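1. Quick check, what structure comes out for this input:
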Amino acid sequence: MNNNLNLSNHIMPAEWNRQDAILIAWPHHDTDWATMLNEVKSCYIELAKAIVKEMRLIIIAPNITEVKHDLKGIECENKIIYCETRTNDTWARDFGPISVSCKDGNYMLDFKFDAWGMKFAACYDNRVCRQISHLFNAQLVNCQDFVLEGGSIESDGKGTILTTSRCLLSPNRNSALNKSQIELVLKSRLGAKKVLWLNNGELVGDDTDAHIDTLARLAPKNTIVYVKCDNEQDEQYKSLQLMEQELKNMTNADGECFNLVPLPCPTAIYDDDGNRLPATYANFLITNTQVLVPTYAQKETDQLALDTISQVFPDRNVIGIDCNSLIKQHGSLHCITMQIPENFIKK
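-> Below you'll find the predicted structure:
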């Protein structure tokens, strides 16, 4: 594993660029899913079915035999790449490799994962990139001196990175660095020309400290799809309104204003103890021919979200995946996946 990244003209691809595969980590008895394993596996199986219709799927788990049993009879199983390795949990977006590319080759960046500011155990998840590096047609680069989660950054593939101050400036992540120093890291390692910082916007119940992929997503044609709240009685209203104003004043690396497309807020969902859960439609996954969108058994708002995203991605099939199980652990569809760009997987 290379400990240095000395590249020029490298870039973090946009999620809508061509991909080789999607990475997921399968739920098991030693994760927080233990008490609802069958329920959440149903969601994972539906997700796996949707992905393998068009592309390869990498599944990591401590017991591959068990996963194969769960997926017994699934069509296109030959598109699944299994890799046995221990995991603490299943949030592959945040501990999976972050890809950059340049003229001289492909690179997978292995940033440190400390479970969103040392909130949970991460000893196995933080080793996943090294455990699966043999799968990649890319050089693994040791970036363990810096804490960074995939869900905390968005790239347009042209030098613009969108993130949130609340997350990246969290004292339990990179406390020794100030905002300017963190921005320099993003520019040097991700090839960012411009870093956009949202200072407002957070979903109630979110334990990631306002990951950008729960709030606002970069999309083709200089577009940002974002969560909008119109209900003045909603406890998230003020924060999301302030976030919207920030987005209106932002420009990309070329100085161009964004086309803003609002997404509805799902009707509030609560856990068994009455705590609100961070349900969001912004946590969608873009693949080569599809956009997989989390839904919450809310007919009107689910459909509005699907219709809105269809307008942003007219060249892709937009498909809803019921994520009522995922939201019980405060995450959703994008959180459990990581895209692997084209030419990054060994043939």
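2. contacts, neighbours, all on C-alpha from now
-> Noted.
3. For the longest helix anywhere in the chain, give me every contacting residue.
-> Longest helix in the chain, counting residues (DSSP state H): helix 37-52. The contact list for helix 37-52 (C-alpha atoms under 8 Å, 6 or more residues apart in numbering) reads 22, 26-29, 33, 57, 70-71, 74-77, 79-80, 287, 321-323, 325-326.
4. Now do the helices in the stretch 1-150 of the chain.
-> Per DSSP state H, counting those that start in this stretch, the stretch 1-150 of the chain carries helices over the ranges 37-52, 64-70, 92-95, 115-118, 128-131.
5. okay if I get the ones you listed as JSON lines plus mean pLDDT and distance to Glu256?
-> Output for the helices of the stretch 1-150 of the chain, formatted as JSON lines (pLDDT from 0 to 100; distance: least, C-alpha to C-alpha, whole Å):
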{"stretch": "helix 37-52", "mean pLDDT": "97", "distance to Glu256": "34"}
{"stretch": "helix 64-70", "mean pLDDT": "96", "distance to Glu256": "46"}
{"stretch": "helix 92-95", "mean pLDDT": "98", "distance to Glu256": "29"}
{"stretch": "helix 115-118", "mean pLDDT": "92", "distance to Glu256": "32"}
{"stretch": "helix 128-131", "mean pLDDT": "96", "distance to Glu256": "35"}
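6. can you redo the ones you listed as JSON lines with distance to Leu263 and mean neighbour count?
-> Formatted as JSON lines, the helices of the stretch 1-150 of the chain follow (distance: least, C-alpha to C-alpha, whole Å; neighbours: other C-alpha atoms under 10 Å):
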{"stretch": "helix 37-52", "distance to Leu263": "22", "mean neighbour count": "18"}
{"stretch": "helix 64-70", "distance to Leu263": "34", "mean neighbour count": "14"}
{"stretch": "helix 92-95", "distance to Leu263": "21", "mean neighbour count": "26"}
{"stretch": "helix 115-118", "distance to Leu263": "25", "mean neighbour count": "19"}
{"stretch": "helix 128-131", "distance to Leu263": "33", "mean neighbour count": "18"}
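7. Of those helices, give the one that comes closest to Ser101.
-> Closest of the helices of the stretch 1-150 of the chain to Ser101 is helix 128-131, at 16.9 Å (criterion: C-alpha to C-alpha).
8. where's that closest one relative to the chain centroid, distance-wise?
-> Put simply, helix 128-131 sits 18 Å off its chain's centre (C-alpha atoms, centre = their mean, to the nearest Å).
9. Glu232: what's it in contact with?
-> Neighbours of Glu232 in contact, by C-alpha under 8 Å, 6+ apart: Lys238.
10. That one looks like it's in a strand, true?
-> No - judged by DSSP: H, G, I helix; E, B strand; the rest coil, Glu232 forms no part of a strand; its state is coil.
11. Now the longest helix of the chain - C-alpha only, PDB.
-> The C-alpha coordinates for helix 37-52 follow below in PDB (Å, rounded to 0.1, in the frame of the first residue of the first chain):
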ATOM      1  CA  LEU A  37     -31.900  -9.400  10.900                       C
ATOM      2  CA  ASN A  38     -34.600 -11.000   8.700                       C
ATOM      3  CA  GLU A  39     -36.300  -7.700   8.200                       C
ATOM      4  CA  VAL A  40     -33.200  -5.800   7.100                       C
ATOM      5  CA  LYS A  41     -32.000  -8.700   4.900                       C
ATOM      6  CA  SER A  42     -35.200  -8.400   2.900                       C
ATOM      7  CA  CYS A  43     -34.100  -4.800   2.000                       C
ATOM      8  CA  TYR A  44     -30.600  -5.900   1.100                       C
ATOM      9  CA  ILE A  45     -31.900  -8.700  -1.100                       C
ATOM     10  CA  GLU A  46     -34.100  -6.300  -3.000                       C
ATOM     11  CA  LEU A  47     -31.200  -4.000  -3.400                       C
ATOM     12  CA  ALA A  48     -28.900  -6.800  -4.600                       C
ATOM     13  CA  LYS A  49     -31.600  -7.900  -7.200                       C
ATOM     14  CA  ALA A  50     -31.800  -4.400  -8.600                       C
ATOM     15  CA  ILE A  51     -28.000  -4.000  -8.900                       C
ATOM     16  CA  VAL A  52     -27.100  -7.300 -10.500                       C
END
